[in-house]
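**Q** Below: sequence and its predicted model.
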Amino acid sequence: MKPDLMNTPSAPVASRHKKVRYTVEPGRHWPQGATASRHGVNFAVYAPSAEKVEICLFSEDDQETARITLPCLSRDTWHGLVKGLKVGQKYGLRVHGPYEPGNGHRFNPAKLLLDPYALALDRPVLGHAEQFGYELDQEEEDLQPSTVDNGAVAPKCRVVKSRFDWGDDAPPRVSAKDTVFYEVHVKGFTQTMPGVPEPLRGTYAGLASDAAIAHLRELGITSVELLPVQAFLDDKRLVDNDLTNYWGYNTVAFFAPEPRYSASKSDGGVDEFKAMVKALHAAGLEVILDVVYNHTGEGNHLGPTISFKGIDNAAYYRLSPEDARYYVDYTGTGNTVDTSSPAALRLVLDSLRYWVTEMHVDGFRFDLACALGRDPTGAFTHRAAFFAAVAQDPVLSGVKLIAEPWDLGPDGYQVGGFPVGWMEWNGRYRDAVRDYWRNADSSLPSFAACLCGSADMLAARKRPPVDSVNIVTVHDGFSLADLVSYNEKHNDANKEDNRDGENHNRSWNCGAEGPSDDPAIQALRARQMRNFIATLFVSHGTPLLLGGDEMARTQHGNNNGYCQDSALSWYDWNQATSEGELMGFTRALLALRHALPVLRPAVHPAGTTGHPACVALNWHSVWGLSMTQEEWEDPQVRCVAALMEGHGDSESVMLLFNATPADAVFTLPQDEHGRVWTVRVDTRTAAVPPADATDIAAGGQWTLQPHSMAVLTTPSRTDLS
C-alpha cells in the first residue's frame, strides 16, 4: 500500500510531477461530493463504517500527485476543505476499513473508487481485472482481499462547477394526455444520420443537431425518452469478448453523464448535455431519462469494486439476512440498491433533484421500479419510503414519473400497482396487442380492455388512462420489423449461445423466418406493422414509440441487443428512405391522434355497452349489433368494431378490427342522427387517407382485408344537436 501523501514537508509523493502542497481545513459535511468555491474544493463522503477516507488527486496523464486524508467525521460523513484546488481537478477515493465480507464490509484502500456524488468522469468505465476487490481465481472466491493497486487504470472523477447559460430555457410541460414518448438511444440515433456533422454523430451534440431535431419534430412525438445516460460500466465479460454495454443498464455514477456520448470531452459531457436539453426544449420536446437506481454495475459478491461496495457496502445494498457476504438480488443483476436505507434513499433523491434542477430534464422512467418500492422486509408496497419521499418533494412531484412496474423479486409484477401520480409501462398492453394481431385464441377481451386505457386495472383506484404507457415494442425485445419477421430469437452475436433474451415473444413471422422475397409475405408484414402503429396511436393511454420502428429498423432477430454497439443496433438511415411509406404512415397516425381529442381522454369515459373489462367504449360485431356476452367469450372471435363518442366539436371515431386470415365485411351500426362516416385509415395501404376511401352512411358496409384495421370519423352527436 502506498504511504499517505500528506501536506507536510516530509510526506513522499509517488509521482514524477512537482509536489503540490495543499492546506486542508475541516470544511462541511454537506453537500455530499466535491463542491468547488473560491476557497478551494470541499469533499464530503458518507462512509460511517470506514476508518479513514483519502482523496487522491491525479494529473491529466493519470499520475497521482497527492493523497489527502479527510480530517473530520460528522454525521457519518468524512469531510474536508482542500484550499487552492481548482475546477477540473481529477480525483478518486481510497477508503480504509475492515475487509470482512461475512460482516458486509468490503473496504480495500488498494482500489481507487468513484465518488458516489461525482458530477463528471474523465472516461468511460471499462471492466478489467484490477477493479476486483478480492484476489481472482482463488478457491475461496472473494474472501482474500486484492493488493493490486488500480489507480493508474481506474476512471477518475472531475471537480465540476458549470457556468452554463440557460438563457430563457423553460420546460415544455406537455400535458399527460397529449404526450407521446419516443424511446431513443443517444448514440444509435445519430451514428449514421445524414445531416449530422461527422464529429457530432453518436453524441449529445448530435442529438441536438438540426437534422436530429427535424426528424423528431416532423414525426410528431412530444417527449424524447433517452436510454441510460448516467455513467455506466462495461463489465469485464463484455470487454473480454469485444462487446459493449450498449444499452447502459449498469450504472456506477448517478450524477455524471456518460462520457462516451460527449463530443467535447473537456468536462465529461456536462455542458454538452445541458446544451442538448436546451435545444430540445427550444423545439418543444421534453427530455425523459431512463434511470437505473435499482442496482449498480458492481454486481454480486464476485463483482468488481467501483464505488459503493468499497465505500460502505452495507449502507447502499440489500445484503442477505442469513449471510452478509451475499446480496439480495431482486434485479437479476447480482445486487439491489436498498432504498429503505436512509443513505441510499438520500443518494437517489439527491441525484433525481440534480438532474431536474441542474440539468433541466423533464422526468424519469425508472428501470425495474418495483425494487425501489420494497420495504425493509423486501415486500413491495405503494407506501414505500421511496414513493413517499418523491410524493412530498416539491421538485420531483412536478415532473413525469414512469415506472417499469416489475422486478424479479417476490410479487414482482406490479402493473397497475403504483401510486397515484405515476405512469407505468403497461406490459399487459404489449402482450394483449401482440396476441391479438398474431391471431391467438381468446385474445379479443384483453385486447379490447387495453384499447380502453386499461380502465379495468386503473379506474377502480381513480387513476386516469394516461397512467398507462402503452408499449408494443421497446429496446428490450424485438423491434417492430422483427416482431413480424421472426418466431424465434437469433442472439448468436451476443456470444451467449443464444441463451440470453426473452424466449416467449408473442411474435409471428407471417410465414417465413427472417428476410423473405415472397411478395405476399412482404405485404402481410407491412400491413402488420401498420396495424401495430395504428393500434398504438388510437388506444386510450399514453403511447410510446420505439425509436426506429417508424422506419422498420431491424436487429435481424436479435431480441437482446444490449451489448451490440454496432450497425446491428444503430439506426439505418438508408432504410428510412426505403421504408418511407411506413415513416409517412407513422407521421399521419400521430397527426390524427393529435387532431382527435376523443383518442386522448384525460379520464376514463363513462361506459355504455360491452364486455365488463371494456365498458369505456361501445362495442359492435361485424353485423353492426352490440357485442353479446357469448361473442366476448367465444375464443374464435377476432372481428370487432369500437365506437368512441366525441363531444362538442370533437369528432367521434369508429375502429374496425380484423385479425383473421379472411376478409371481413363490417356493417356500421345504425344511428338515429343518420351520420355519415369518413374512412381516415385502412391499414391495407400506407396512404392516409386511403386513395379509394368513400364515405359510408350508418348501416352501410366496409370490407377489411385479412389482418387489417380501419379508423373512421364522423361529427359527434352533440355537434349535430
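**A** Arrived safely.
**Q** for this protein, what helix or strand is lowest in average pLDDT?
**A** helix 717-720 (a mean of 59; mean pLDDT, DSSP states H and E).
**Q** State the number of residues packed around residue 320.
**A** 13 (other CB atoms under 10 Å). All C-beta atoms are positioned from the backbone trio N, CA, C, and that covers glycine.
**Q** what's the average pLDDT for the top helix by length along the chain?
**A** Ranked by residue count and defined by DSSP state H, the top helix of the chain is helix 519-538. Model confidence over helix 519-538, given as mean pLDDT, is 98.
**Q** So what's the gap between the helix or strand immediately after that helix in the chain and the chain middle?
**A** As assigned by DSSP states H and E, the chain's next helix or strand after helix 519-538 is strand 542-546. Between the centre of strand 542-546 and the centre of its chain there are 12 Å (CA atoms, centre = their mean, to the nearest Å).
**Q** name the helices or strands packed onto strand 542-546?
**A** Here strand 542-546 touches strand 181-184, strand 468-470, helix 519-538, going by 3 or more CB pairs under 8 Å, 6 or more residues apart in numbering; DSSP states H and E.
**Q** contacting residues around the helix or strand just after the first one?
**A** Remark: after strand 181-184, the chain's next helix or strand is helix 186-190, criterion DSSP H and E. Residues lying outside helix 186-190 but in contact with it, judged by CB atoms under 8 Å, 6 or more residues apart in numbering, are 196, 200-204, 206-207, 209, 211-212, 226-227, 229, 246, 258, 260-261, 547-548, 565, 569-571.
**Q** List buried members of those by neighbour count.
**A** 196, 200-204, 206-207, 209, 212, 226-227, 229, 246, 258, 260-261, 547-548, 565, 569-571 (16 or more other CB atoms under 10 Å).
**Q** what about stretch 266-279, distance to the chain center?
**A** 20 Å.
**Q** per-residue confidence for the nearest residue to residue 96 once chain neighbours are set aside?
**A** With CB to CB, 6 or more residues apart in numbering as the criterion, residue 96 has its nearest non-adjacent residue at 4.0 Å, and that residue is residue 52. Looking at residue 52, its pLDDT reads 98.
**Q** and residue 52, how many neighbours?
**A** 16.
**Q** isn't it right next to residue 68, touching?
**A** No - between residue 52 and residue 68 no contact is recorded; they are 11.2 Å apart, counting by CB atoms under 8 Å.
**Q** thinking again about what came up before, between the helices and strands packed on strand 542-546, which one is nearest to residue 334?
**A** strand 181-184 (25.3 Å; CB to CB).
**Q** for that closest one, packing partners?
**A** strand 223-226, strand 542-546.
**Q** Would you reformat the ones you listed as TSV and include distance to residue 121 and mean pLDDT?
**A** Converted to TSV, those look like this (distance: least, CB to CB, whole Å; pLDDT from 0 to 100):
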stretch	distance to residue 121	mean pLDDT
strand 223-226	18	98
strand 542-546	29	98
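**Q** got the helices and strands packed on strand 542-546 as a markdown table, with distance to residue 316 columns?
**A** Output for the helices and strands packed on strand 542-546, formatted as a markdown table (distance: least, CB to CB, whole Å):
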| stretch | distance to residue 316 |
| --- | --- |
| strand 181-184 | 28 |
| strand 468-470 | 29 |
| helix 519-538 | 38 |
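**Q** for those, which one sits closest to residue 391?
**A** Nearest of the helices and strands packed on strand 542-546 (CB to CB): strand 468-470, 19.1 Å.
**Q** Provide the contact partners of the closest one at residue level.
**A** By CB under 8 Å, 6+ apart, strand 468-470 touches 181, 402, 423-426, 429, 450, 453-454, 457-458, 536, 539-544.
**Q** try 10 Å this time
**A** Contact with strand 468-470 is made by 179, 181, 225, 365, 400, 402-405, 415-416, 423-426, 428-430, 433, 450-455, 457-458, 535-537, 539-545, as judged by CB atoms under 10 Å, 6 or more residues apart in numbering.
**Q** Could I have the PyMOL command that selects the buried members from the residues you listed?
**A** Typed into PyMOL, the line below selects the buried ones among these, using 16+ other CB under 10 Å:
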select buried, resi 179+181+225+365+400+402+403+404+405+415+416+423+424+425+426+428+429+430+433+450+451+452+453+454+455+457+458+535+536+537+539+540+541+542+543+544+545
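**Q** center of this protein - which residue?
**A** Residue closest to the mean C-alpha point of the chain, counted by CA atoms, centre = their mean, is residue 290 at 3.2 Å.
**Q** Tell me who's in contact with that one.
**A** 183-185, 225-230, 247-249, 364-367, 402, 404, 474-475.
**Q** now do residue 311
**A** Per CB under 10 Å, 6+ apart, neighbours of residue 311: 45-47, 49-50, 53, 78, 93, 95, 97, 106-107, 113-116, 305, 343.
**Q** now do residue 298
**A** Residue 298 is in contact with 106, 131, 133, 233, 235, 250, 252, 304-310, 313, 316-317, 327, 333-335, counting by CB under 10 Å, 6+ apart.
**Q** quick one: low-confidence parts of this structure?
**A** Within the chain, the set of residues satisfying pLDDT under 70 comprises 1-20, 607-616, 717-721.
**Q** let's go with 80 and repeat that
**A** 1-21, 265-266, 576-579, 605-616, 648-649, 716-721 (pLDDT under 80).
**Q** From one end of stretch 198-207 to the other, what's the distance?
**A** 12 Å (CA to CA, to the nearest Å).
**Q** starting at the chain centroid, how far to it?
**A** Taking mean C-alpha positions (CA atoms, centre = their mean), stretch 198-207 and its chain are 20 Å apart.
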